[in-house]
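> Need coordinates for the below:
(one chain, ligands or ions: 1)
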Amino acid sequence: MAVRYFEETKTFILETKQTTYQMKMDQYGYLLHLYYGEKIKDQDLGYLIQPKDRGFSPNPHEAGNDRTYSLDVLPQEFSSDGCGDYRKSSIEIKNGDGSTSFLGKVVGHRIYSGKYELNGLPGVFQTEKDTVDTLEICLQDQASKVMVILCYSVFEEKDMITRTVRVKNNGSKPIYINRIMSMMMDFMDAEFDFIHFNGRHTMERNMTRTPISSGVQSIESSRGASSHQHNPFVIMCRPTADEDQGDCYGFSFVYSGNFLCEIEKDQFDQTRVVFGINPRGFSYYLQPGESFDAPEVVLSYSDQGFSKLSHQYHDLYRENLCRSSYTHKERPIVINSWEATYFDFDDKKLLNIAKEAVDMGVELFVLDDGWFGKRDSDDSGLGDWSVNTDKLKNGLDDFVQKINNLGLKFGLWMEPEMVSEDSDLYRSHPEWCLKIKDRKPTRGRYQLVLDLSRKDVCDYLINSINSILDGANIEYVKWDMNRNMTDVWSSYHGYEHQGEIFHRYILGLYYILDQVILTHPDILFCGCAGGGGRFDPGMLYYHPEIWCSDNTDAINRLNIQYGTSFGYPINTIESHVSVCPNHQTARTTPLNTRGVVAMDGILGYELDSTKLSKEQKQQCREQIDIYKKYYHIIAYGDYYRLTKPYDACGYMAWQHVSKDRKEAVASLVKTEVESNEPQKYLKLKGLEADCFYKILGNDGVYSGKVLMKAGIPVPVMEQYEAWQCHIVALEV
Ligand code: DGJ
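Below is the predicted model:
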């Protein structure tokens, strides 16, 4: 069993192939955190706690005269406000009597095989290949009878641990949960760097690394979506850690709404990490007998730097997160109409684009925004999901048949969560959107957000989406969401429930996705929120891929895809070749470079194919051939970041290696040029040291060790040129 309890020492040990996690119930029943890291032999690590009298750190009543016992100092598994621990807490409750204390002591535990259940929330699942064991520890506050159940599922072979928290109101009065963090972890030192992925619309997930310093560092979203600004994936690592070496810990929150991750270095140079739903705007009313499930956090540890940590997340999220049949299928090469036409199209124009795309080797045509209601710009029509016959004269089904007759599959864009004020839906149901009584709602992209905390709104959407999907041969859906939330208030719910609306919205969204996706298992769903505004594991539970960014500039994409690759598998990252000058940055890059960058994900096209020359179309065809040839390595292999953004070397490089290490694809884009440049060498990774390899197009034979230690000379290149090489093991 990967989970064990030792009664004598009252220790709980979770064990994966390479890691150990240890907790201990102390003499008063508090749960202490003792260790998470490289695997160690069973041993009670309680000796690490060295009691000291710490001034101004209070002592619980039961400690009597013992002034060395303080929750303000002890490393804990779950902490609460108001009980003498002044650091960031796991929980803040408003009890029935108005007090805010929760003094959680262990009252029992349960160990079982399989994974814990999550009510209405996405989470990683066990496949028949995995051994998963679960530990649940119950903490109870004696006075209020509120109970917290800490759940841990251990994916032994994959070196991953998932955690969540369930709150049960076993008392006799209603309570408010004002803060509930899904996980907390205390480290007994503070020698860490904090890595997170921040950005903005069209420039998501830039990696930021800062040393931990005294006080609190945090990242969050209060936008109603996981957001473009911060991603719910962070790493804590030793200051010397890099891609290949050093301890690092990953924390990935499986949730698509508001989140908060706080890292606190305390007065004694200890570090606390907490991760959960953002308490801003959150207050959950719980009646006696009711319970609340928090979303889960997926933890992983690597003793060999970021590459290994990423591989662990990639393997888990590729296999255990999304149930779509497409997870393990080769994705079709799409052409998307957005950057080709925006709102200005009719069926003739679209069919011409599709016809030319067939020639390029494209397999699926995606009709983006503008096909429905009154939608000639982004200020009207959302909510009216019936085809605009000024644009598609004979309706959607007829248009799809014409696309299919060209030999292409068909995909459709939708933005079900939103409504335009200028729409029939809004005119008939103004109360169906999030807005505060007697106040004018704030607009975003001139649209309002539907109130998905309401079951009637969710059911209406499920029916309307299903009838579109069932009315034509639709094989791909791009599910978009183009604004963040404001005026989060629901006319449907009472006063005491208004602090639940952000969370209930996300639960409503998950419910809709469940219903739509379950009834359409053969459709490939692609997530999108103005590009990567909801690139999170919660969304990846439903969509096997996500449109990574509205920025299609190949050079900006290098940074965006670099940051995304830390926590998310390459076959979840949609990436398209678009035209130049690029529509977002006005930059011009060679078509080859755009192809090489888009191949570092799910390759597609987003351009007007009728405007491409014969040679350009031929080049796209070749890109698609190369991509398909190496798809198995790109989609299922191990990923290595060979450089980082703004490296002095003047290029960005990365590598995909097959799991058996017999094949690899290395790619490089020249980002900066200098006069009379020094020769550079690209050192590969992940190869078998003693195996011999050929580089296609080159006569030499090289050992894996040589390719990794001495490298390959980087050719002379102009700025923004790309170079790709294919490495194959010699058969012995
Ligand atoms: C934002 C998406 O990210 C774009 O790709 C496009 O679908 C537009 N929305 C359409 O409004």
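> Who does residue 150 form a beta bridge with?
Following DSSP bridges, residue 150 is listed with bridge partners residue 137, residue 165.
> Which residues of this structure lie near the ligand?
Proximity of the chain to the ligand, by CB under 6 Å from any ligand atom, involves residues 338, 368-369, 413, 480, 482, 528, 530-531, 547, 550. Yep, even glycine has a C-beta here, placed from its N, CA and C like the rest.
> Apply 5 Å and report the result again.
When proximity is defined as CB under 5 Å from any ligand atom, the chain approaches the ligand at 338, 368-369, 528, 530-531, 550.
> Report the contact partners of residue 590.
720-722 (CB atoms under 8 Å, 6 or more residues apart in numbering).
> Chain neighbours aside, what residue packs nearest to residue 670?
Closest residue in space to residue 670, ignoring its immediate chain neighbours: residue 717 at 4.2 Å, by CB to CB, 6 or more residues apart in numbering.
> So which of the contacts of residue 590 wins on neighbours?
Using other CB atoms under 10 Å as the contact criterion, the top neighbour count among the contacts of residue 590 goes to residue 722, which has 23 neighbours.
> From what I see, residue 183 and residue 161 are in contact.
No - counting by CB atoms under 8 Å, residue 161 is not a contact partner of residue 183; they are 9.6 Å apart.
> Mind listing the shared neighbours of the two?
Taking CB under 8 Å, 6+ apart as the criterion, residue 183 and residue 161 both touch residue 299.
> picking that back up, any chance of the residues of the chain next to the ligand in JSON lines, with pLDDT and neighbour count too?
Converted to JSON lines, those look like this (pLDDT from 0 to 100; neighbours: other CB atoms under 10 Å):
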{"residue": "338", "pLDDT": "98", "neighbour count": "23"}
{"residue": "368", "pLDDT": "98", "neighbour count": "22"}
{"residue": "369", "pLDDT": "98", "neighbour count": "21"}
{"residue": "528", "pLDDT": "98", "neighbour count": "27"}
{"residue": "530", "pLDDT": "98", "neighbour count": "21"}
{"residue": "531", "pLDDT": "98", "neighbour count": "24"}
{"residue": "550", "pLDDT": "98", "neighbour count": "21"}
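> Just send those back as TSV, with secondary structure too.
Formatted as TSV, the entries for the residues of the chain next to the ligand read as follows, by DSSP: H, G, I helix; E, B strand; the rest coil:
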residue	secondary structure
338	helix
368	coil
369	coil
528	coil
530	coil
531	coil
550	coil
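> From those, pick the one nearest residue 156.
The shortest gap between residue 156 and any of the residues of the chain next to the ligand belongs to residue 528, at 34.9 Å (CB to CB).
> Just the helices from this structure, written as ranges.
Residue ranges of the helices in the chain, as given by DSSP state H, are 305-320, 338-341, 347-360, 395-405, 424-428, 455-470, 501-518, 537-540, 554-565, 591-598, 614-636, 704-709.
> so of those, which one's packed in deepest?
By mean neighbour count, with neighbours taken as mean count of other CB atoms under 10 Å, helix 537-540 ranks first of the helices of the chain at a mean of 27.
> ranges for the strands of the stretch 351-500 of the chain?
In chain order, the stretch 351-500 of the chain shows strands spanning 364-367, 409-414, 418-420, 447-449, 476-479, with DSSP state E, counting those that start in this stretch as the criterion.
> For residue 375, which of these is the nearest?
Going by CB to CB, the one of the strands of the stretch 351-500 of the chain nearest residue 375 is strand 418-420, 8.3 Å.
> who does the closest one pair up with?
Next to strand 418-420 in the sheet, as set by DSSP bridges, lie strand 447-449 (antiparallel).
> Now tell me what touches the strand it pairs with from outside.
Residues external to strand 447-449 that are found in contact with it (CB under 8 Å, 6+ apart): 224, 378-379, 382, 417-421, 426, 433-435, 441, 482-483, 485, 505.
> Buried ones among the residues you listed?
Among the contacts of strand 447-449, those that count as buried by neighbour count (16 or more other CB atoms under 10 Å) are 224, 378, 382, 417-421, 426, 433-435, 441, 482-483, 485, 505.
> still on that earlier bit, quick check, nearest of the residues of the chain next to the ligand to the ligand?
The shortest gap between the ligand and any of the residues of the chain next to the ligand belongs to residue 369, at 3.5 Å (CB to the nearest ligand atom).
> For residue 224, give its distance to residue 204.
Using CB to CB, to the nearest Å, one obtains 17 Å as the distance from residue 224 to residue 204.
> With adjacent residues omitted, what lies nearest to the residue nearest in space to the middle of the chain?
For the chain, residue 536 is the residue whose C-alpha lies nearest the centre (CA atoms, centre = their mean; 2.2 Å). By the measure of CB to CB, 6+ apart, the closest residue to residue 536 outside its immediate chain neighbours is residue 226, 4.1 Å from it.
> Is residue 113 bridged to anything, and to what?
residue 133.
> Alright, that wraps it up for me.
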